[in-house]
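Engineer: Structural data only, the sequence is not supplied:
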């Protein structure tokens with residue numbers, strides 16, 4: 001397997017992959033905000049939540065659902081700011097993964113990544129970050 005990357009490029013590819021993986025894991029985990037509500041521990045992220053209150057109409061009271069899950073729809077995300085954050089963070093993670101996987105392919109395929117492609121990929125990473 002021939003590589004089109006220098007030693008610095010190999011380090012960049014490896015670090016790009018680690019950063020993209022960490023960003024995606026952080027995006028999908030619901031532990032952005034931690035707290036308590038109705039004497040239960042709660043947490044939520046941009047589109048996932050754990051231990052959330054729901055209205056029990058049969059008992060006419062609010063009860064805590066002690067499980068993790070995503071919102072039923074995009075409109076169910078609590079605020080417009082969280083919806084924007086979900087879209088922007090998701091797009092950023094997608095861009096970071098695209099660059100990281102391209103860089104990893106550059107480790108195996110010769111002449112895949114040139115100086116110009118590396119600069120464009122760095123710009124994309126900057127936007128994704």
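Structural biologist: Good, I have the coordinates. Everything numeric here is computed off the predicted structure, so don't read it as measured data.
Engineer: Residue 35: what's it in contact with?
Structural biologist: 41, 42, 43 (C-beta atoms under 8 Å, 6 or more residues apart in numbering). Placement of C-beta: from N, CA and C, glycine included.
Engineer: please redo it, this time with the cut-off set to 7 Å
Structural biologist: Residues near residue 35 by C-beta atoms under 7 Å, 6 or more residues apart in numbering: residue 42.
Engineer: ok but it is inside a strand, no?
Structural biologist: Yes. Residue state for residue 35 (DSSP: H, G, I helix; E, B strand; the rest coil) corresponds to a strand.
Engineer: what is the rounded mean pLDDT of the helix ranked longest in the chain?
Structural biologist: As assigned by DSSP state H, the longest helix anywhere in the chain is helix 80-108. On average, the pLDDT along helix 80-108 is 86.
Engineer: can you check stretch 19-36 too?
Structural biologist: 82.
Engineer: Show me what counts as buried in it.
Structural biologist: 19, 20, 23, 24, 27, 30, 32 (16 or more other C-beta atoms under 10 Å).
Engineer: burial count for the nearest residue to residue 31 once chain neighbours are set aside?
Structural biologist: In space, and not counting its chain neighbours, residue 31 is closest to residue 43: 5.0 Å by C-beta to C-beta, 6 or more residues apart in numbering. For residue 43, the count of nearby residues is 18 (other C-beta atoms under 10 Å).
Engineer: re the thing from before, the buried residues of stretch 19-36 in helices, which ones?
Structural biologist: Those of these mapping onto helices are 19, 20, 23, 24, 27, per DSSP H.
Engineer: residue contacts, the first one?
Structural biologist: By C-beta under 7 Å, 6+ apart, the residues touching residue 19 are residue 96.
Engineer: I'd like the distance between residue 107 and residue 11.
Structural biologist: Distance, residue 107 to residue 11, by C-beta to C-beta, to the nearest Å: 11 Å.
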